[in-house]
Each structure stands twice: as C-alpha cells, then as structure tokens.
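[1] Okay, predicted coordinates and the sequence, questions at the end:
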Amino acid sequence: MNDEARREPVLRVADLRLAYRVDGELRETIRGLSFQVERGEAYALVGESGCGKSTVAFAAVHYLPDNTVHLGGQILLAGQDIRALSWQQRRLLRKSVVSMVYQNAATALNPTMRIGDQIAEVFLIRGFSRAEACLGAEDALRKVRISDVGKVLQSYPQQLSGGMQQRVVIAMAISASPELIILDEPTTGLDATVEAEILELLENLRQELKVALLFISHNLAVVAQLCDRVGTLYAGRMVEEGSTSSLLFNPHHPYTASLLRCLPKRGADKWTEVLTTIEGLPPKPGSILTGCVFAGRCTLVKPECRKGHPEAIVVGQGQKSWCIRAAEVPAMAFERPKQAPPADQKAPPLPPVIEVRNLSKSYGHGPNKVQILSDVSFAIRHQEVLGIVGESGSGKSTLAKVIVGLEPADPGSALMLMGRPMARLLEQRDPAQAGAIQMVFQDPSDSLNPKHKVKTILSRTATKALRLTASDAKQRTFEVAKSVKLDPSHVEYYPGALSGGLRQRVAIGRAIAGKPQFVVCDEPTSALDVSVQAAILNLLVDLQRHEGLSFIFVSHDLDVVRYISDRIMVLYFGRVMEIGPAEAVFSGPHHPYTEALLSAAAHLERKEVSKNRVRLRGEPPTHRFPPGGCVFHTRCPRKLGNICEEKAPPRQIGGNGHEIACHIPVNQLGRTADAR
C-alpha cells in the first residue's frame, strides 16, 4: 500500500442514497448520507431500529438484497468504489480489506462444522495451504484470548457459550487481516462480564493490528467505552456527528439528546424520576420528508424546520449538528420529568405475594443428573420488584419458569402464593392460582399467537381468567390496551404488523389482562432500542404503582435492573450469592461475584474500556461437575483457601435484610466505586 492510499480513509461514504423496490415502488431508506472511517479509528453509528444503520453496514460490503436501488452517491472502501468493481474484485476486497461480525454469533457459525475447520476456511480462501490454515486458526484463537485452544478447535459452535462463540466470530474476522471490521450489534444479549471482555478484546486488537472498526449499536454506554467518534443516524440521514466525548456528553441535536434522556440515570428514583421517551416512530422507508427528518417527533420543532433539511452547523471542535436550534439543545439534554412519589398507605400486613423456600431444580437421574438450581429461598412482597442478575447459565430463566409452573421444581421445594402452597406444575394448580401468575418473555413471539388480532389475544386472556361476558371482555380489552399505552387502532392489528416495542406492550397487556397478582419478566427489554426500553420501563413502574402488581425482573443490564428494582438477587451457578435492597447491593459491601459484575458493566460515565475491572478466572464450571464448597471458588479473585473449596459459605446478614453468602467477613468485602 502506497503512502497516498494510507492517507485515504479506510471507508468513505459520500452522499449515499439507497432505496428498496417494493411492489413496483421505490422506498428511499438512505437519504444523502456522508461519513468516513479513518484508518485505525473506531467509529460508531447509533440510532433506533429502522434508521438505516444495518443497511449502511451491508452496503459497505455490497451485501444488499436484489431489490436495492442505488439512487446516488459513492462508497469507497480502501479508496475503491465498491459499485464500480466486478464480482471477483469485490470478493477479493472482502478477503483482504473488510470483515463483518454479526449480532448473533450462533447464526453466523455453521453448526455442522468444527470451529477449527471454520476458521481454517478463511485462510484456505486466502490461498494458504491446509497446514498453514490450521496454524493460522490456532493463532487467531490465541489473539482473541481463548486459553484452551485445542479444545475449542475441536468443538462445534453449540458446545460453546455465547461469549466464546462471539470470540470465534471475531477470530474469523481478523483471520482475513482486514483493514476494517464492521460490527453489527456484537454485544447485544451478552452478560456484563462477557461484554466487557469483548470490548477489551476489540480495543486490544485495534491497537495491536491497527484495524479500524465501524461499530453499529443502540447501546450508548458501550459506544462511550469503545469508540473515538460517533454519528447519529435518523431516517437514513446523519443528524449529528462528533467525537464520542463531545457528542454523548454535550449533544447538540434533539434526537441525540432524546436518546440519552431515555437511559436510566444512575441512582434515579423510579417513583419520582420518569424516563423520557420519544413519542412516535421513525419514518417508514419511502416516506416523503421535505424538511428536517426529525421534525415529526422533535420537541423543539419550528415551522421553518419543515421547509428544508437544515445545513450542518459546527458546534464544537470536530462536532457538527444538522439542526437550526442546536444551541438550545444542551440545556434540555439531561432533563428528566418529575412526578410526586406515591402516597404512604398504611395497609394491614399481608403475607408475601410469592414465597420460595429451599427451591431446587435438576434434570436427569443418577449419574446423568444435572443440578441447575440449589436451595434458593426468597420472598416478594406486595407491589415489589425483585431484580435477578447473573451470567448466562446462572439459572435466572430456569427459576422464572419454575415459579410460573412451566418447569417442575424438585421434590422438597416449596412455592407459596399469598401464603397458600402451589403445585409444582401449572396444569396442577387451581384456576385462581394459575391466573395469578403470568410471564412476559424476551421475544413477544414466544407468547403472542400470530394468527390472532391483538383484541383477540387480550380478550381471550381476560375472559378465561375473569370469566367475563362478551361485552365485559370487550370493555376489559380496551382498558388493558389503554393501560399499556396502545392506540385503540392497534387492537385491530396482528402482532406481525406491529413494531418490536408495540409487540412487547401487547405481551405485557396479555399478561395483565386477567388481573394477576404477580408477573415474571424475563429479559423484556434486552433487544429493544433505548427509546422503546424507556417506554416499557415506565409502563412497568406505572403498573406497579397503580395496579399494585409485583414483579420479578430478569436482566443482564445492570443500570436497568437498578432503576426498576426494589430489591436485587444475584445468582451464580444456581445459588444465591447476594440479595438485598437495590441500593445496598449496588453501593456495597458486595459479594466478590457481584463486584465483578458491577465493575464490568458498561455505562456512560466510564468513557473507555475499564482496565481496572475485577476479572473472573476461567470459564464457569459445568453443571455436570459442580465445584465443592463455595461454587464460586474456581473463579473467585478473592479465594481464601481450603475453606472455600470444602465448606459452603455462611449467609451473612447485614442491615436492612442485605444478605451475602461468603466466607469473607462483611466488613472486609469490597465496594465498587463505579457502581455508586
């Protein structure tokens, strides 16, 4: 590569316009977009779903569907116009210049091929011999910090954890020795510890290999840690661009500011500080937009905003905003609407809504028995939210399913609803108990019948649980739709015609239509944009306040859990490591495992990948061969010695019911400064 080529940005997008041809009509989705990624730079594109982020990523490697129409502009990859190249030339460019990492590593890997063969294939395509390809695959896995290389090379994708699969996909990406890696939501759905490892890995690879990153994400906290510059995309247009430190901490476009205001503020009180939401949805592809693309949802809109797309305004060193009122934005960027706290109501003492005693869950028998949950005990009071956190495999979702009755608990486990015992399986419970507990799944398609309209989904649940007449069921349907902030017209739609956020509202509506006492929410916001997430969290708080509902809220997003939860339980390997009031768990003292989770969590206040986070040793143990003593001792950075290997830890009880299961005395346990 000559000096002139090295000075060229590795990716330059210039006035790009793309449309999709649907039913003979052109639906424009990218509207005159321009940006560039410098060599060795980490550049982020942020915005809601439907704004065009992934379309830009696929356009950069010319992976667009056949109905895509190029209306104008250029994409220059390593100085070459990607559209002007032949198929063979583009293939060569993908082999040596650009690689892509997708959101779901499991779907990017071939389940019928061993990991070693899949990575070696990259080297074979580049012309290496079989022996060289095998050595290259080993080296690639070492570069992504995989310790047991031999075992992973011989494994199939489904035998690896989600974090390990993502490392393998990144190993395949760097095996092409690219100048640019495009990452499309690579950390969505990952645990805090795995996410931190992936971010640190990407930063190290960028420094070692001098590779540039185009990072596409809706997670602004992750962007703040990894990226040098950020571009805010809306309706296929760039509306703001600048350095990460300026744009995310001093935004000058109402859309960027609105995205930031949707995030739960650390330590915010859910009863008094409502999350800001962005009303409406991004324009659909093909919409005719004559003025500012954000005018239809902007709180600062003026008549002149609708007359033409605004010109870029320089608002700081290297920061530009396409907004005529850019100077007014910083004043409203971090405002949060306030509301009065709920009035203290002195109600007579009630038994816990849900009480779990010595709950265990295993699969198989004899030598094939696998213990997933072991001796879990807790209670949830009326109008209380218990947040449950822990890595994948810790038993969070299994616990949720056991409480609902979708999976039976082991004999000897006790489940109580309002002081009355419950059968272990849903079909064995009496109708009142069966209807009193409902569940909201991560993917609404798991609980919504695609062949029924929303009104049928809501009315059937209400009719069955409350034994309503047809007219009463219809009234209840519209009451529920209103309570979950659905427009009356939405009840006439099928689930597939609604956005992801609206489908999740329908799923919550289905859960509450029969007036349950308790709802289990299993990762209900993990795949949602921050604006939709804020609306769902506000909805759950509203239902807790006005309907008196109690919740279990399972999530890997610690800031979300902190905001929504009254108490938090930390699970590891099916055991309770810590449980207590949310602020006590976050402020400490912490169990060493909790401390590791909190130190790994991405958040806006930490502007780079943390070099001082608490690192866990190795991979989680397998359930087939559980460790003795404290199950955490094989990974604990503060292991005391033989006592941790031989004896189960005592449950130490601190103030306000804060319990920690650890051999280390409470007064010697740590506190995570970042968590506060």
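    Thanks, I have the structure now. Note that this is a predicted model, so its numbers are computed, not measured.

[2] if I look at residue 21, how far off is residue 61?
    In this view, residue 21 and residue 61 are 21 Å apart by C-beta to C-beta, to the nearest Å. Where you see a C-beta, it was placed from the backbone N, CA and C, and this is true even at glycine.

[3] Look at those two and report which has more neighbours.
    Between residue 21 and residue 61, residue 61 has the larger neighbour count (other C-beta atoms under 10 Å), namely 19 against 13.

[4] okay, the nearest residue to that one once chain neighbours are set aside: pLDDT?
    Nearest non-adjacent residue to residue 61, counting by C-beta to C-beta, 6 or more residues apart in numbering: residue 98, 5.6 Å away. Residue 98 is assigned a predicted lDDT (pLDDT) of 92.

[5] Ok, residue 163 next?
    So, for residue 163, pLDDT stands at 73.

[6] wait, doesn't it sit right on residue 194?
    Yes: at 3.4 Å, residue 163 counts as touching residue 194 under the criterion of C-beta atoms under 8 Å.

[7] Show me what counts as buried in stretch 64-80.
    Buried residues in stretch 64-80, counted by 16 or more other C-beta atoms under 10 Å: 68, 73, 75, 76, 77, 78, 80.

[8] Just those: which are in strands?
    The strands, defined by DSSP state E, take in 68, 73, 75, 76, 77, 80 from the buried residues of stretch 64-80.

[9] Adding distance to residue 633 as columns, could you present these in CSV?
    Compiled in CSV, those are given as follows (distance: C-beta to C-beta, whole Å):
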residue, distance to residue 633
68, 54
73, 58
75, 52
76, 54
77, 50
80, 55
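
[10] ok, of those, which one's closest to residue 440?
    Nearest to residue 440, judged by C-beta to C-beta, of these is residue 68 at 36.1 Å.

[11] gap between that closest one and residue 78?
    Counting by C-beta to C-beta, the separation of residue 68 from residue 78 is 22 Å.

[12] which stretches of the chain have low pLDDT?
    Within the chain, the ranges that satisfy pLDDT under 70 run 1-6, 189, 343-349, 605-612, 672-676.

[13] most centrally placed residue in it?
    residue 526 (3.6 Å; C-alpha atoms, centre = their mean).

[14] thinking again about what came up before, what's opposite the residue nearest to residue 61 in the beta bridge?
    Beta-bridge partners of residue 98, counted by DSSP bridges, are residue 180.

[15] wait, what's in contact with it?
    Residue 98 is in contact with 60, 61, 77, 78, 178, 179, 180, 181, 182, counting by C-beta atoms under 8 Å, 6 or more residues apart in numbering.

[16] Turn the residues you listed into JSON lines, columns for distance to residue 472.
    Output for the contacts of residue 98, formatted as JSON lines (distance: C-beta to C-beta, whole Å):
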{"residue": "60", "distance to residue 472": "55"}
{"residue": "61", "distance to residue 472": "56"}
{"residue": "77", "distance to residue 472": "62"}
{"residue": "78", "distance to residue 472": "66"}
{"residue": "178", "distance to residue 472": "62"}
{"residue": "179", "distance to residue 472": "65"}
{"residue": "180", "distance to residue 472": "60"}
{"residue": "181", "distance to residue 472": "57"}
{"residue": "182", "distance to residue 472": "54"}
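
[17] Quickly note the distance from residue 209 to residue 176.
    For residue 209, the distance to residue 176 - C-beta to C-beta - is 11 Å.

[18] can you check residue 471 too?
    The value you get for residue 471 to residue 176, if C-beta to C-beta is used, is 64 Å.

[19] Please identify which of those two sits among more neighbours.
    Neighbour count, other C-beta under 10 Å: between residue 471 and residue 176, residue 176 has more, with 19 against 8.

[20] Now residue 97: phi and psi?
    The phi/psi pair for residue 97 (degrees, to the nearest 10) reads phi -110, psi -40.

[21] hang on, residue 224 in a helix?
    Yes: assigned with DSSP: H, G, I helix; E, B strand; the rest coil, residue 224 falls within a helix.

[22] tell me which element the residue lying closest to it once chain neighbours are set aside falls in.
    In this structure, residue 224 finds its nearest non-sequential neighbour in residue 604, 5.0 Å apart by C-beta to C-beta, 6+ apart. Element membership for residue 604 (DSSP states H and E) is empty, with no helix or strand holding it.

[23] surely residue 243 meets residue 318?
    Yes: the criterion here is C-beta under 8 Å, and residue 243 meets it with residue 318 at 5.5 Å.

[24] Overlap of the contact sets of these two?
    Common contacts of residue 243 and residue 318, defined by C-beta under 8 Å, 6+ apart, comprise residue 229.

[25] Counting neighbours, go ahead and name the busier of these two.
    Neighbours were counted for residue 243 and for residue 318 using other C-beta under 10 Å; residue 243 has more, 17 against 12.

[26] need the contact list for the more buried one.
    Counting by C-beta under 8 Å, 6+ apart, residue 243 has contacts 228, 229, 230, 317, 318, 319.

[27] Next, format those residues as a markdown table and append secondary structure and distance to residue 645.
    Putting the contacts of residue 243 into a markdown table (DSSP: H, G, I helix; E, B strand; the rest coil; distance: C-beta to C-beta, whole Å) gives the following:
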| residue | secondary structure | distance to residue 645 |
| --- | --- | --- |
| 228 | coil | 45 |
| 229 | strand | 48 |
| 230 | strand | 47 |
| 317 | coil | 56 |
| 318 | coil | 54 |
| 319 | strand | 54 |
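
[28] Tell me, how many residues neighbour residue 83?
    Per other C-beta under 10 Å, the neighbour tally for residue 83 reads 13.

[29] sorry, that was for residue 531
    Neighbours of residue 531 using other C-beta under 10 Å come to 26.

[30] same deal with the one 3 residues further on?
    The number of residues packed near residue 534 is 26, by other C-beta under 10 Å.

[31] Tell me which helix or strand the residue nearest to residue 65 when sequence neighbours are not counted sits in.
    Once flanking residues are discounted, residue 65 sits nearest to residue 20: 7.5 Å by C-beta to C-beta, 6+ apart. Element membership for residue 20, per DSSP H and E: strand 11-22.

[32] who does that strand touch, helix- and strand-wise?
    Packing partners of strand 11-22 (3 or more C-beta pairs under 8 Å, 6 or more residues apart in numbering; DSSP states H and E): strand 25-37, helix 53-60, strand 68-77.

[33] Show me which positions of the first one end up buried.
    For strand 25-37, the buried set under the neighbour-count rule, 16+ other C-beta under 10 Å, comprises 27, 28, 29, 30, 31, 32, 33, 34, 35, 36, 37.
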